[in-house]
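[1] Quick check, what structure comes out for this input:
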Amino acid sequence: MEQKLSELIKASDLCIIGIGSEWNWVKQGISNDCRYNQIIEYCKHEGNQWLLPIVEFEFAYYNNDNRIEEAYKGLRKLIGDKKYFLVSDIFLQDALMYGFDLDKVVYPCGNYMYLQTSNNSDELVEAQKIPEFMDIVDSIHKIITELDGNLGEDSSFSGPFLHGKELYLNQKRTEYSKIIYNESAYKGRWDEYMQYLARTLNSNLLILELGVGLEYPTVVRWPFEKVVFINKKAHLVRVHEKLYHHTPEIGDKTDSVQMNSVDYILQESKGL
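    A predicted model of the protein is given here:
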């Protein structure tokens, strides 16, 4: 990559940013904390898969990641006053905490804010306002902090209910494959993103894809490639430790960077 990211941003008219799994500090944090080993194994057993999203909620609720915070702030400084839209395929809405505008960010795969029922026409409810849900979160936290992650032989958990209906985190994920994902939390913002995308057709568009894997390729990765292929003025910067490759059709309009995308942004934002 010959040009610095700041130079590419400056030369562009519009930007689209994609955020992926390399920015998911919750999954990485849990995998690096041995206190979670037993409860993660418990979640793998048949019938217990529903608990894993709540374990991740507990970790996100009680922890933070300074490196991710610094990277988001650095990314926001790099973007400056350039018009942008950020789309993420992870559930953590960190961008909103570290300088990005609510009306310019969309999380189509879900969030940690809301719970839904198995009926996608039911209204979403705020997770923190449901005592039964937070009781499960507290019980997980006590196991981690007071029992050093040790589960008793008879440990068991029951899912939360509201008005007789079981509740799930409002997330599109394999553990919830038997329920219909409720799209109401992001649908309006997604429509705005589509409108923004339509306006980029004849513009010098920079697409910055950061750490996007193959968990939800139809959300960020493949659509980005299609936009670059169609828009003759578009340029893609794809950054990932392993999945940095691009298709041959857009090779002349793509920079593929083999590097952790969080480290890349921390590196590129230094000196701003």
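[2] Excluding chain neighbours, what is closest to the spatially most central residue of the chain?
    Centroid check for the chain by C-alpha atoms, centre = their mean gives I90 as the closest residue, at 1.7 Å. Setting aside the residues directly before and after it, I90 is nearest to N24 in space (C-beta to C-beta, 6 or more residues apart in numbering), at 4.7 Å. Where C-beta positions appear, they are placed from N, C-alpha and C, glycine not excepted.
[3] Can you mark which positions in the host helix or strand of Q195 are buried?
    Under the criterion DSSP states H and E, the helix or strand holding Q195 is helix 187-199. Within helix 187-199, the residues that qualify as buried are 189, 193, 196-197, counting by 16 or more other C-beta atoms under 10 Å.
[4] Same question for stretch 204-223.
    Under the neighbour-count rule (16+ other C-beta under 10 Å), stretch 204-223 has 205-213, 215-217, 219-221, 223 buried.
[5] now, which of these lie within strands?
    205-210 (DSSP state E).
[6] Which of those sits closest to N66?
    Within the set of these, L210 lies nearest N66; the separation is 18.0 Å, counting by C-beta to C-beta.
[7] which residues sit in contact with the closest one?
    With contact set as C-beta atoms under 8 Å, 6 or more residues apart in numbering, L210 has these partners: 17-20, 22-23, 75, 239, 261-262, 264-265.
[8] what about the strands in this protein?
    Counting by DSSP E, the strands of the chain are 14-19, 83-88, 105-106, 110-116, 125-126, 161-162, 165-166, 168-171, 205-210, 235-240, 254-258.
[9] Please identify which of these is closest to Y62.
    Evaluated with C-beta to C-beta, the strands of the chain place strand 110-116 nearest to Y62, the distance being 12.3 Å.
[10] What average pLDDT does the closest one get?
    With pLDDT averaged residue by residue, strand 110-116 scores 97.
[11] and that strand, what does it pack onto?
    In this structure, strand 110-116 makes packing contacts with helix 52-62, strand 125-126, strand 168-171, judged by 3 or more C-beta pairs under 8 Å, 6 or more residues apart in numbering; DSSP states H and E.
[12] if we go to 6 Å?
    In terms of contacts (3 or more C-beta pairs under 6 Å, 6 or more residues apart in numbering; DSSP states H and E), strand 110-116 is packed against strand 168-171.
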